[in-house]
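Student: Show me the folded form of this:
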Amino acid sequence: MPIVIAAVTLSARLDAHKPITSKYTFSEDVYPIVKEHCGGCHVTGGIAPMSLMTYEDARPWAESIRLELTSGHMPPWYGDPGAAPLRDVHKLSARDLDVILTWVTGGTPPGPAVKPSSTVTRRGWQKGRPDIVLPLPAPVTLPSEKSEDTREFVLREDNDRDRTIAFADVLPGNPSIVHDAIVFSRKPGERETNVITVWLPGAPPAAPAPGYGFVWHAHEQLVVRLHYKKNWKLENKVAFDRSAVGLYLSKSPAAREIRGVAIAATGADALGDHLEAVAVRVDAVRGEAPIRIDAVRPDGTRLTLAGFLARAGWHERYWLARPVDLPKGTRIQIDRAVSGVQIWIDAAAM
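Tutor: Numbers count the residues shown, from 1 in each chain. Alright, predicted model coming up:
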């Protein structure tokens, strides 16, 4: 990491002599984009090691910004709407990408003297007060010698009745170390059976279309799996957290239940039920590769369900732009096998 910092410092010194060729400035053009698309992580106290919310913050990282954008690694959403239509696309538009790249390569002009105010990470629920709030049962300590860890907590041991959940959110107690989270329900002694949300910092909680929901069944546990990761500023330091999970109940008690269907790495198995797919979920444990998921119906018709880049360390749920009918016997085909990647189709029974 010191080598990276030195390289960025050297780059900043060299860039100081670049002529100003960019027609875009930070305060007028770049800041509104980074505030909207990067402000969930790249803020004071956020999971990212640096804020990009002021010119003074962003300017030294110009070359790193260019590399991350041109590689497609940032913003960290890896769906491919060109393969199949997706909802809640979090990619930069071509215009936004042009603005930032022109600015970082064109001398990084600051703009008018009135600079944007520094922004700190949010400390409240994005969608208002949840119907049910479940804090971690006890504080979490990440010792100085540990830079990354995954912890699992049962938030409620025994649900007293069936509850239909529209969506869930996570409120980090310490946003600088909570990298991602999965909220799910399960029968005691089993693995996750009903993933309600896949949470990433900065991304607003996503809900299925009206008429669908997640059912937290009676006598099931409600569990959160938190992935903690220190940035380089926090290495060799003790860190603490006590996050909370918020559940937003469905306003439609008759909502159709969404359940996850695990897909084999080869995608060879035929579906045993008639389903309507609403999302695709991926857990990329190792490796990095573009993946396309196709459905071949019993009548031979083929369509692409979703395309995305699987990246190690990133869990993601990609919502389909519209539900897709998958008759019983439909075969799911994955165009390539990647070591350590698990894929699910989130669907409702027909």
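Student: what sits against the residue positioned nearest the centre of the chain?
Tutor: By Cα atoms, centre = their mean, the chain has its centre lying nearest to Leu200, at 3.7 Å. Contact analysis of Leu200 by Cβ atoms under 8 Å, 6 or more residues apart in numbering lists Pro76, Asp180, His315, Glu316. For the C-beta atoms, the positions are set from N, CA and C on the backbone; glycine is no exception.
Student: Would you agree Arg256 is in contact with Phe214?
Tutor: No: if you go by Cβ atoms under 8 Å, Arg256 and Phe214 don't touch, sitting 10.5 Å apart.
Student: Can you pull out the residues in contact with stretch 81-98?
Tutor: Applying Cβ under 8 Å, 6+ apart, the contact partners of stretch 81-98 are 33, 37, 69, 75, 77, 79-80, 100, 203, 206, 292, 303-308, 318-322.
Student: To clarify, my last question referred to stretch 250-264.
Tutor: With contacts defined as Cβ under 8 Å, 6+ apart, stretch 250-264 is touched by 164-166, 193-195, 208, 210-215, 269, 271, 275-276, 278-279, 281, 293, 332, 334, 342-349.
Student: rerun at 6 Å
Tutor: By Cβ atoms under 6 Å, 6 or more residues apart in numbering, the list of residues contacting stretch 250-264 from outside reads 164, 166, 195, 211-215, 332, 343-348.
Student: So which residues make contact with the one helix or strand Tyr228 maps to?
Tutor: In the assignment (DSSP states H and E), Tyr228 maps to strand 221-229. The contact list for strand 221-229, computed with Cβ under 6 Å, 6+ apart, reads 142, 148-157, 177, 179-186, 188, 245.
Student: so where's the stretch 101-250 of the chain uncertain?
Tutor: The stretch 101-250 of the chain contains residues with pLDDT under 70 at 114-122, 192.
Student: Please spell out the ChimeraX selection for the buried subset of the contacts of strand 221-229.
Tutor: In ChimeraX, a selection of the buried entries from those looks like this (16 or more other Cβ atoms under 10 Å):
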select :142,153,155,156,177,179,180,181,182,183,184,185,186,245
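Student: Inside strands: which ones of the contacts of strand 221-229?
Tutor: Among those, the ones falling in strands (DSSP state E) are 142, 148-156, 179-186, 245.
Student: Name every strand pairing with the helix or strand containing Val198 and say which way it goes.
Tutor: Assigned by DSSP H and E, Val198 belongs to strand 194-199. Its sheet considered, strand 194-199 pairs with strand 178-186 (antiparallel) by DSSP bridges.
Student: any idea how far Glu68 is from Ile33?
Tutor: Relative to Ile33, Glu68 is positioned 14 Å away (criterion: Cβ to Cβ, to the nearest Å).
Student: And the closest residue in space to Arg151 that isn't next to it in sequence, how close does it get to Ile343?
Tutor: Using Cβ to Cβ, 6 or more residues apart in numbering and skipping the chain neighbours, the partner closest in space to Arg151 is Leu226 (5.3 Å). According to Cβ to Cβ, Leu226 and Ile343 sit 22 Å apart.
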